[in-house]
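Novice: With the input below, show me the fold.
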Amino acid sequence: MTYKATYQSSISDPVSFWKEKSELIAWYKKPSTILSKNQDGLDCWYADGELNTSYLALDYHIEQGRGAQTALIYDSPATNSVQQYSYTELRDKVAFFAGALDALGVSKGDRVVLYMPMIPEAVIAMLACARIGAVHSVVFGGFAASELAVRIDDATPKVIISASCGIEVSKVIEYKPLLDQAIELATHKPHSCVIVQRPQAICSLVEHRDFDWQDIMAIATAKDPVPVLATDPLYILYTSGTTGKPKGVVRDNGGHAVAMRYSMEWVYGVKPGDVYWAASDVGWVVGHSYIVYAPLITGCTSILYEGKPVKTPDAGAFWRVCSDHGVKVLFSAPTAFRAIRKEDPDAKLMQQYDLSKLERLFLAGERLDPPTYEWLKQKTGLPVIDHWWQTETGWAIACNPIGEALMPVKPGSATMPTVGFNVQVLNSHGKPAEPNEQGSVVVKLPLPPGCLPTVWNDTPRFKSSYLDTFDGYYLSGDGGYFDEEGYLFIMGRTDDVINVAGHRLSTGEMEEVVGSHEAIAECAVFGVADPLKGQVPIGLVLLKDGVDVDDDELEQELIQLVRDRIGPLACFQRAMIVERLPKTRSGKILRKTIRQIADGEEYTVPSTIDDPSILTDLEDRFSHLGMS
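Specialist: Numbering: from 1, shown residues only. Predicted coordinates for the structure are as follows:
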């Protein structure tokens, strides 16, 4: 079938479409009810089906005779080590840790919080929770104690699993003091903690509460998978909320398993046995979906990487991993490749490695700016495929479906809506936008399998955050447009749209222009308050390594670029060279926070920020310019 036929069948008859796709996985009890409403009037998939996600990810493949195949490769430049686990080896470790959790009193429906670095025990713990029907909630290792405490109080875990430390580029971060402080701050107290002792920082254990991972594994009894309902929660993953209180995105078992299996084939063109690498972290949704669940449910070899795109040891790190392990598909965020491009603009380090098995690159997590796309395309000669999705959806809302037939690429576009996602763009009146007219990107209900069915313990917040703005639609919070050929362009969060003298302008569009300058490695454009025009845009720019330019000359060149390509109405009149940009740990630029600092507003340091000291630097910089 062509893309249009496949897509249309998923929209016109979602029940038949997703009934067929449910055959991709092995159910304990196949569902007879495909799409229904729950007691809160919300859509749910496969309500009467029974399965186990850990079984699908491990035991099923062993039963198919592929137990000796490598399931997981742990590659850690942080510790200079590599470990491989076959499906049988990984299944055994998961089964024994599931037994250890059972011995600690964890049972179906109980929550377990993971506060972990990128080590194999994190994957083992996630799958062990799934094995006994417990609900895991992974919190990014190294998060501030206060933020961890908020998540502990919301999830109310029976057990917390952590490690003595995490390892960054040039430092060891001790997790145990942060964990102890978080438990002290939290109202809810876990019954037990399990700690992976790492040699880089051995920690002390609290008597009667803390257990050494190795000690409890030594006495554990292996547990078989426990059947759960398709609608039972698999995990909770917290995402930033506008109120300051994070939202606990819930993922169910059944719809998630179907979506993960199908997406590997349709979105990524990956088959059992392929080596697949999502260069992310298990603290983020990409790590859940495409380091742990989708590759293993599909029967791939997945890479778990404890390192950075640069400085571990250099900007050739990604290419080294691909070469060493025969990676077929690499998936990362644009910010990772911008960092690589900044340090190695001519891609000289890439030439040191054999990338003959690498077939394509996928990027998501933020908008793929055309300059980064063009650089990757030119330097690798591979298909560079943008796709757009969110923590809430768990997989791509829009993509270029290589499993169907790769469509012509339009730089800056995530291509077409993914099957099952009835994506529309609505204007401020809630009416369909015209081609090339920017508006709110929404998805007509029902959402396909794999998307969040609700927010943990807060259905009213789920409805108010996502469903109430436009009746019958899921609000993505992103702005964008369709062109005349139906290609979808995501221009950034709707709060990144600025109003200049009555003209609504996308900061993403301006960043595309500024980033096209040959000296620029990365940039952020944001709007600041202006008494005459309402808002005016300002650019922060990072230079490529080795570039030497005059600040004033560069600023004038960038102003002229924006004037030539967007027009004088953009009023782009200031560009400042900076050493770094404030970002989340997943690489998203914190434009709203930058704007608040520039406008002199009070702001909350985002819990997901990579380095809070950058904000202090910006405050100083803006105050010297009389902006804040």
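
Novice: Any idea how many residues pack against residue 222?
Specialist: If you count neighbours by other CB atoms under 10 Å, residue 222 ends up with 15. Where C-beta positions appear, they are placed from N, C-alpha and C, glycine not excepted.

Novice: So the spatially closest residue to it that is not a sequence neighbour: helix, strand or coil?
Specialist: Among residues not flanking residue 222 along the chain, residue 95 sits closest, at 3.9 Å (CB to CB, 6 or more residues apart in numbering). Secondary structure for residue 95, judged by DSSP: H, G, I helix; E, B strand; the rest coil, is helix.

Novice: Does residue 95 touch residue 226 like I think?
Specialist: No. With contact defined as CB atoms under 8 Å, residue 95 does not count as touching residue 226 (11.6 Å).

Novice: What's the separation between residue 361 and residue 372?
Specialist: 11 Å (CB to CB, to the nearest Å).

Novice: Can you tell me the strand partners of the helix or strand that residue 522 is a member of and which way each runs?
Specialist: Using DSSP states H and E, residue 522 falls within strand 520-530. Next to strand 520-530 in the sheet, as set by DSSP bridges, lie strand 534-543 (antiparallel).

Novice: could you give the mean pLDDT of the partner strand?
Specialist: What strand 534-543 shows for mean pLDDT is 89.

Novice: angle of whichever helix or strand comes after that strand against strand 534-543?
Specialist: Once strand 534-543 ends, the next helix or strand along the chain (criterion: DSSP H and E) is helix 551-565. Relative orientation of helix 551-565 and strand 534-543, computed by axes from the mean of the first three to the mean of the last three CA atoms, to 10 degrees: 120 degrees.

Novice: Now helix 551-565 - C-alpha only, CSV.
Specialist: Provided in CSV are the C-alpha atoms of helix 551-565 (Å, rounded to 0.1, in the frame of the first residue of the first chain):
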residue,chain,number,x,y,z
ASP,A,551,31.2,40.7,16.8
ASP,A,552,29.7,43.9,15.2
GLU,A,553,30.3,42.7,11.6
LEU,A,554,28.7,39.3,12.4
GLU,A,555,25.7,41.0,14.0
GLN,A,556,25.2,43.2,10.9
GLU,A,557,25.4,40.2,8.6
LEU,A,558,22.8,38.3,10.7
ILE,A,559,20.5,41.3,10.7
GLN,A,560,20.7,41.5,7.0
LEU,A,561,20.1,37.8,6.5
VAL,A,562,16.9,38.0,8.5
ARG,A,563,15.9,41.1,6.7
ASP,A,564,16.5,39.5,3.3
ARG,A,565,14.7,36.2,4.0
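
Novice: who's more crowded, residue 361 and residue 372?
Specialist: Neighbours per residue (other CB under 10 Å) separate residue 361 from residue 372, with residue 372 holding more: 24 against 21.

Novice: Kindly provide the distance from the more buried one to residue 315.
Specialist: According to CB to CB, residue 372 and residue 315 sit 14 Å apart.

Novice: Where does pLDDT dip in the stretch 451-600 of the chain?
Specialist: The stretch 451-600 of the chain contains residues with pLDDT under 70 at 494-497, 499, 501-504, 586.

Novice: So which bits of the strand holding residue 522 are buried?
Specialist: Residues 520, 521, 522, 523, 524, 525, 526, 527, 528 are the ones in strand 520-530 that count as buried (16 or more other CB atoms under 10 Å).

Novice: Is residue 420 in a helix, a strand, or coil?
Specialist: Following three-state DSSP, residue 420 is assigned to coil.

Novice: Now residue 416: phi and psi?
Specialist: phi -120, psi 160 (degrees, to the nearest 10).

Novice: just to revisit the earlier point, between residue 95 and residue 226, which one's more packed in?
Specialist: Between residue 95 and residue 226, residue 95 has the larger neighbour count (other CB under 10 Å), namely 23 against 18.

Novice: Tell me how far that one lies from residue 28.
Specialist: According to CB to CB, residue 95 and residue 28 sit 17 Å apart.

Novice: Now name the helix or strand holding the residue nearest to residue 53 when sequence neighbours are not counted.
Specialist: Nearest residue to residue 53 in three dimensions, chain neighbours excluded: residue 130, at 4.3 Å (CB to CB, 6+ apart). Element membership for residue 130 (DSSP H and E) is helix 120-131.

Novice: what's that helix packed up against?
Specialist: Packing partners of helix 120-131 (3 or more CB pairs under 8 Å, 6 or more residues apart in numbering; DSSP states H and E): helix 53-54, strand 70-76, helix 87-103, strand 111-116, strand 135-140, strand 159-163, strand 233-239, strand 301-305.

Novice: Tell me which of those is the most buried.
Specialist: Of all the helices and strands packed on helix 120-131, helix 53-54 has the most neighbours on average by mean count of other CB atoms under 10 Å, namely a mean of 30.

Novice: could you give me the average pLDDT of the helix or strand just after that one?
Specialist: Next along the chain after helix 53-54, taking DSSP H and E as the criterion, comes helix 60-63. What helix 60-63 shows for mean pLDDT is 98.

Novice: how about stretch 545-555: buried residues?
Specialist: By 16+ other CB under 10 Å, the buried positions in stretch 545-555 come out as 554, 555.

Novice: so how far is it from its chain's centroid?
Specialist: Distance, stretch centre to chain centre, for stretch 545-555: 33 Å (CA atoms, centre = their mean, to the nearest Å).

Novice: now stretch 520-537
Specialist: Taking mean C-alpha positions (CA atoms, centre = their mean), stretch 520-537 and its chain are 27 Å apart.

Novice: By mean pLDDT, point me to the weakest helix or strand of the chain.
Specialist: Across the helices and strands of the chain, mean confidence by mean pLDDT, DSSP states H and E is lowest for strand 503-506: a mean of 66.

Novice: immediately after that one, which helix or strand?
Specialist: The element immediately downstream of strand 503-506 (helix or strand, assigned by DSSP H and E) is helix 507-515.

Novice: Now do that following helix: which elements does it pack against?
Specialist: Here helix 507-515 touches helix 370-380, strand 488-493, strand 520-530, strand 534-543, helix 551-565, going by 3+ CB pairs under 8 Å, 6+ apart.

Novice: Mind putting these into TSV with distance to residue 54?
Specialist: Compiled in TSV, these are given as follows (distance: least, CB to CB, whole Å):
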stretch	distance to residue 54
helix 370-380	36
strand 488-493	34
strand 520-530	40
strand 534-543	43
helix 551-565	51
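
Novice: Determine which of these approaches residue 233 most closely.
Specialist: Smallest distance to residue 233 across the helices and strands packed on helix 507-515 (CB to CB): 27.1 Å, for strand 488-493.

Novice: can you list contacts of the closest one?
Specialist: Outside strand 488-493, the residues that touch it by CB atoms under 8 Å, 6 or more residues apart in numbering are 367, 388, 398, 412-417, 423, 438, 441, 477-483, 497, 506-509, 591-592.

Novice: mind showing which ranges of the protein have poor pLDDT?
Specialist: For the chain, residues meeting the criterion pLDDT under 70 lie at 1, 240-244, 494-497, 499, 501-504, 586, 624-628.

Novice: now the farthest one out in it, which residue is it?
Specialist: residue 532 (39.0 Å; CA atoms, centre = their mean).

Novice: where does that one fall, helix, sheet strand or coil?
Specialist: Per three-state DSSP, the local secondary structure of residue 532 is coil.

Novice: Buried ones among the contacts of strand 488-493?
Specialist: The neighbour count (16+ other CB under 10 Å) marks 367, 388, 398, 412-417, 423, 438, 441, 477-482, 497, 506-509, 591 as buried among the contacts of strand 488-493.

Novice: export stretch 508-525 as PDB, just CAs?
Specialist: This file holds the C-alpha atoms of stretch 508-525, laid out as PDB (Å, rounded to 0.1, in the frame of the first residue of the first chain):
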ATOM      1  CA  GLY A 508      12.000  28.800  14.800                       C
ATOM      2  CA  GLU A 509      11.900  30.400  11.400                       C
ATOM      3  CA  MET A 510      14.300  33.200  12.400                       C
ATOM      4  CA  GLU A 511      16.700  30.600  14.000                       C
ATOM      5  CA  GLU A 512      16.700  28.800  10.700                       C
ATOM      6  CA  VAL A 513      17.900  31.900   8.900                       C
ATOM      7  CA  VAL A 514      20.500  32.900  11.600                       C
ATOM      8  CA  GLY A 515      21.800  29.300  11.800                       C
ATOM      9  CA  SER A 516      22.400  29.200   8.000                       C
ATOM     10  CA  HIS A 517      25.300  31.700   8.500                       C
ATOM     11  CA  GLU A 518      28.600  29.800   7.900                       C
ATOM     12  CA  ALA A 519      30.100  30.900  11.300                       C
ATOM     13  CA  ILE A 520      27.200  29.800  13.400                       C
ATOM     14  CA  ALA A 521      27.100  26.400  15.200                       C
ATOM     15  CA  GLU A 522      23.900  27.000  17.100                       C
ATOM     16  CA  CYS A 523      21.500  29.800  18.000                       C
ATOM     17  CA  ALA A 524      18.400  30.700  19.900                       C
ATOM     18  CA  VAL A 525      16.000  33.500  19.000                       C
END
